[in-house]
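Chemist: got a predicted model here, sequence first, then my questions.
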Amino acid sequence: MEDKQTPLQLPLERDGMPDSQPHAPPADEVTRSRVSQSAPGHAKPDTEEACSNNAPQTVPSKVEIDDGSTSNETHAETVTFPHLSNDAPTSPKQTVYHMQSDGEDEERATAKSFLRSTSPALIAQRNRGAVYQKVGEEGVCQMHRFSLYETASRYYLVGGDVVDRKFRILKIDRTADSGDLSIAEDDIVYTKKEMNQLLNTVDDGNKVSGGLKLKCSTWGLLGFIRFTGAYYMLVITKRSQVAMIGGHYIYQVDGTELVSLTMSSSSRFKVDRDAEEARFIGILNNLDLSRSFYFSYSYDITRTLQHNILRERQAMHQGNADSSLQNRNSMFVWNHHLLDPASEALKNTYDWCLPIVHGFVDQATLSVYGRTVHITIIARRSRFFAGARFLKRGANDLGYVANDVETEQIVSEMLTTSFHAPGPELFSNPNYTSYVQHRGSIPLYWTQDNTGVSPKPDIELNLVDPFYGAAALHFDNLFERYGAPIFVLNLVKSRERTPRESILLREYGNAILYLNQFLPADKKIHYKAWDMSRASKSRDQDVIGTLESIAEDVMTRTGFFRNGSNESGELSMQNGVARTNCIDCLDRTNAAQFVIGKRALGHQLHALGIISETSIDYDTDAVNLFTHMYHDHGDTIAIQYGGSHLVNTMETYRKINQWTSHSRDMVESFKRYYNNSFLDKQRQEAYNLFLGNYKFVQGQPMLWDLSTDYYLHHTDPRLWSGQKRKTYIQWFTPEYLDGPVMPEDTELQGHLAGKPLDFFDEYWCEYYRPLALSSFQKMFSYKMNSTLRYIPFKSTKEGKYDLSPFRVRDGHEHGSPDKGQQKKGVTIADPGKKPKEEQKAQSAHSLPPSKRALPAWLQSQLGEQPSPQHSILKDPDNEDKDGMSRVQAVKEKNAFKDKSAVTQWTLDQFVTNSLNPSVADTEAHEYQRYISHPLTLPLVVTADVPPNPNLEFLGYVNSISADAVNSMHSTEDDLADYAEFLEIGEDPLTVTEADTAKKRYKAYRQWVKGKSLFKQRVDP
């Protein structure tokens, strides 16, 4: 039974609003206080849905997780670990609001519109002498939600800050000429009362044409785009929280809406949309903006954490307040084309428009005995030379490569939320670390033609450049972004029957060799080529071990970033990057990046003081959590570029995957082939249109008429003569080789001295929300995916489970969060099994302490006599001569419900029976009966009964009557057919016309007429 929502009875006078307000304020505007910054949760947050229905979702108050351990486990020593209770504390009386808060999110998926009041008292109380605050003055916050109002001739976009106290307005003209964008930006910052008065004034002035109406509520504006006629406005209608860094939230776009800036349908100025306009809109709809697009209001996700911290500290060192949100990395701003019209019409573009990145964002919690560590993975896909798999290969003439993805992993201990250290030392929190990797296609001019039916088309080197200009531009860009050195890990195949990938292997090696001869000795590109595919198929090569050694070499050369002050010695910078590639930069690349990221994770946790070593073992809760995150990361990148999930995962390269994974690999391979053959062209057209690679020009070919998009991604050759090129020898920029350097610690000087913290970083209002009421169950940090999901709570209540996420788990004590709980009442019963207490006591005395946890088959290998095992297989001790054991086994087999447990149990028993073969009495009796069977008598050549015949033989002979023998005769037709079969022509393999009338060629006659052989009825 659902509880109906009842509004909280709170004072109605807020922000200057009178008591005559007709509605109670929403619950998220009530003052609250948070006690803690962050804590781990047990479930990953789901996407927020539009909440027109206020009915709460019911969530079970208690979750029980079975650890999957068997009753056969014994321990030599009783080790007691900290007890952990999964029972949430319950108060004797819960309010209606607290009962509704479980299962809800902190914010709705759809934005709340501006709350207008049409009270006559408000209209009469306009404050004509108010002093308005200007944009750029101290205390002006970033806008977080927007309401779009419309009149007959204009749009009004009202933006409000996160605490719903300050508002701004933007006016958009709907009557402008086609191709023109007319926007008026108001610099005044209004209060809620003043904005309400302004909107009422606009409503009064447009009463004749219908007044002011609410069009929609949005979370942000993505920009403006036009095709053949008027402009469109793209807005975000739904969002969901996916990560939190330094108190700043990162959101995923879950819904968008394209709003036309022309007149409404009832207006006489309406412009009919022609067929070409509709086709452009259809192409744009092929790009799903609700998948893997992310934005943030107050954190620059287009750049790495190291760059953001460095930029802020350099600005304070120079004595000015850096407007960091204005300095985005355009390489990862996917709506850059939509922001161009806005930047020309607006003075403060990023106050109204939100840049979005395309890639992957995920965050999880590592719980270490009460210490909370957040692991965040951010993947940014470049918008340059972007496209589908076979349509975008190699590099263009500007040095941008296909499938260029920057992956950053941020590991932070949440002792404090913000980037600031106590003191206060701004942007010097030593609990934040990060490491950056890069993947991208081989920077050469090469393509693959997928117009045929081959799943692996031939690789063609279109242009052989002796000076490797594209590779030089690409590596110079990497030096600019990451510094030196650059470690190149090339995983393409080296030995093939038909040379494909090996062609690029040789050419890529020659390119690195040429470029390295001009670089300084300590800044050279480190090149490592390794055939990972061949090594994974070989039995004598350790793929993971080789990758681990490469990863340690990479970490030694590049280092990682850790924030902190220069005086404490905690600060460290990452100089250089590891660039990994295979032929597609998907399966092999993701596995190699995971191993490098795992090694970096160990160094980051060691720097934070979490672990004493710099490495983490596999099959621990921490590595399993990290594996799932990287698996999702690889799947997302593979879908964006290849059209399907990863074909080969980490389990494949660790050689621990199950045989059932082969069918999954085949399905994913087929999906990738289908998408590459039939859907990639549509996706590429959507990319070219959204990114602005194609722009409609009157008289030029349409997008769908282009035979190739080569000239959309490469510069016009006619412009090459006017460009200044670098020399072939000094192809790099020397300043980029030095890498980033953190400025010295200095106190704030000049006008920055004495400024409050929110002047530099306004994370407080965004994360703590001082004017909103919520509960811990609704906070994102408490609902985050965590290593606590791997803990079997039944064992923790008894103090028999090590809660450390760095403890290597075996198959019994490791609880998987992806598998459901076992059904209640279902137990795998073993025939003739002893009670648990008696079995534990017997096994504890029969085995030495070092071998009590070993399985039976391993004990037999060590010379120990295994304890008797019982299973659904045949057991000689339980075998009866009357066959009752078979009936009992069938009954118990039908009682088994958990197929995975039965399969594992059967496999163990099969191994035990194979290593300890034995012959039961019943089997020996059955074999003796088989070899003495009467059918082994000599060939019968007479009708006389032999002397001393077997009774069974006599019974068989007497069962055949004389009438049955006499009735066995052949007709003339049968004899004729038999004689026909015996006739063999001169050329028996050739079917002549005379043979077509024969019965045996009936199916052949039907096949000649066009009927399928598989659809014909076969006569018995």
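Modeler: Perfect, thanks for sending it.
Chemist: list the contacts of stretch 438-445.
Modeler: 392-395, 399, 401-407, 461-465, 468, 470-471, 474-475, 478, 482, 490, 492, 504, 507-508, 511, 577-581, 583, 585, 589, 593 (C-beta atoms under 8 Å, 6 or more residues apart in numbering). All C-beta atoms are positioned from the backbone trio N, CA, C, and that covers glycine.
Chemist: what's the spacing between that stretch and its chain's center?
Modeler: The chain centre lies 22 Å from the centre of stretch 438-445; the measure is C-alpha atoms, centre = their mean, to the nearest Å.
Chemist: can I get that stretch in PDB, CA atoms only?
Modeler: Taking Å, rounded to 0.1, in the frame of the first residue of the first chain, the C-alpha atoms of stretch 438-445 are listed here in PDB:
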ATOM      1  CA  HIS A 438      45.700   7.900 -24.100                       C
ATOM      2  CA  ARG A 439      44.500   5.700 -26.900                       C
ATOM      3  CA  GLY A 440      44.200   6.400 -30.600                       C
ATOM      4  CA  SER A 441      44.500   4.900 -34.100                       C
ATOM      5  CA  ILE A 442      47.900   4.500 -35.700                       C
ATOM      6  CA  PRO A 443      48.900   8.000 -36.900                       C
ATOM      7  CA  LEU A 444      49.500   7.100 -40.600                       C
ATOM      8  CA  TYR A 445      47.500   7.600 -43.800                       C
END
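Chemist: what subset of the contacts of stretch 438-445 is buried?
Modeler: Buried members of the contacts of stretch 438-445, counted by 16 or more other C-beta atoms under 10 Å: 392-395, 399, 401-407, 465, 468, 470-471, 474-475, 478, 482, 490, 492, 504, 507-508, 511, 577-581, 583, 585, 589, 593.
Chemist: tell me which element the residue positioned nearest the centre of the chain is part of?
Modeler: Central residue of the chain (C-alpha atoms, centre = their mean): Asp632, 3.0 Å from the mean position. Using DSSP states H and E, Asp632 falls within helix 621-642.
Chemist: these two touch, right, Ala471 and Asn510?
Modeler: No - Ala471 is beyond contact range of Asn510, at 9.9 Å (criterion: C-beta atoms under 8 Å).
Chemist: within the helices and strands, which one has Gln1006?
Modeler: helix 1002-1008.
Chemist: for that helix, give the mean pLDDT please.
Modeler: If you average the pLDDT over helix 1002-1008, you get 75.
Chemist: rewinding a little: would you quantify the distance from the residue nearest to the centre of the chain to Ile639?
Modeler: According to C-beta to C-beta, to the nearest Å, Asp632 and Ile639 sit 11 Å apart.
Chemist: spatially, what comes nearest to Asp619 if we skip its sequence neighbours?
Modeler: Spatially, and ignoring its direct neighbours in sequence, Asp619 is nearest to Val808 (5.2 Å; C-beta to C-beta, 6 or more residues apart in numbering).
Chemist: try Asn206
Modeler: Asn206's closest residue in space is Thr151 (C-beta to C-beta, 6+ apart), at 4.5 Å.
Chemist: burial measure for that neighbour, as a count.
Modeler: Thr151 has 18 neighbours, counted by other C-beta atoms under 10 Å.
Chemist: list the contacts for it?
Modeler: Applying C-beta under 8 Å, 6+ apart, the residues contacting Thr151 are 202, 206, 209-213.
Chemist: among these, which are in helices?
Modeler: Of the positions in those, Val202 sit in helices, assigned by DSSP state H.
Chemist: now the buried members of the contacts of Thr151.
Modeler: Looks like these have 202, 206, 212 buried, using 16+ other C-beta under 10 Å.
Chemist: about what we covered before: run through the bridge partners of the residue nearest to Asp619.
Modeler: Note on Val808: beta-bridge partners by DSSP bridges are Thr620.
Chemist: any idea how far it lies from Tyr527?
Modeler: For Val808 relative to Tyr527 (C-beta to C-beta), the value is 35 Å.
Chemist: for the chain, which strand is longest?
Modeler: strand 231-245 (DSSP state E).
Chemist: how far is stretch 159-166 from where the chain is centred?
Modeler: The answer for stretch 159-166 is 33 Å, by C-alpha atoms, centre = their mean.
Chemist: over to stretch 219-227?
Modeler: That offset, for stretch 219-227, works out to 26 Å (C-alpha atoms, centre = their mean).
Chemist: list the contacts of that stretch.
Modeler: With C-beta under 8 Å, 6+ apart, stretch 219-227 has contacts from 111, 144-146, 157, 179, 181, 231-239, 251, 256, 261, 276-277, 280-281, 284, 295, 297, 335, 337-342, 352-354, 356, 690, 696.
Chemist: let's see that with 7 Å instead.
Modeler: 111, 145-146, 179, 181, 231-236, 239, 277, 280, 295, 335, 338-339, 341-342, 352-354, 356, 696 (C-beta atoms under 7 Å, 6 or more residues apart in numbering).
Chemist: list buried residues within these.
Modeler: Buried among the contacts of stretch 219-227 by 16+ other C-beta under 10 Å: 111, 145-146, 181, 231-236, 239, 277, 280, 295, 335, 338-339, 341-342, 352-354, 356.
Chemist: quick one: the helices in the stretch 601-750 of the chain?
Modeler: Applying DSSP state H, counting those that start in this stretch to the stretch 601-750 of the chain gives helices spanning 621-642, 650-654, 661-674, 680-690, 710-713.
Chemist: weakest of those helices by average pLDDT?
Modeler: When I compare those, helix 661-674 is least confident, with a mean of 72.
Chemist: checking my notes, Ile583 in a helix, right?
Modeler: No - Ile583 is assigned coil when assessed by DSSP: H, G, I helix; E, B strand; the rest coil, not a helix.
Chemist: who are the contact partners of it?
Modeler: Ile583 touches 492, 501, counting by C-beta under 7 Å, 6+ apart.
Chemist: give me the three-state assignment for Phe360.
Modeler: strand.
Chemist: please begin residue numbering at 889 from this point
Modeler: Got it, the first residue is 889 from now on, which makes the last one we talked about Phe1248.
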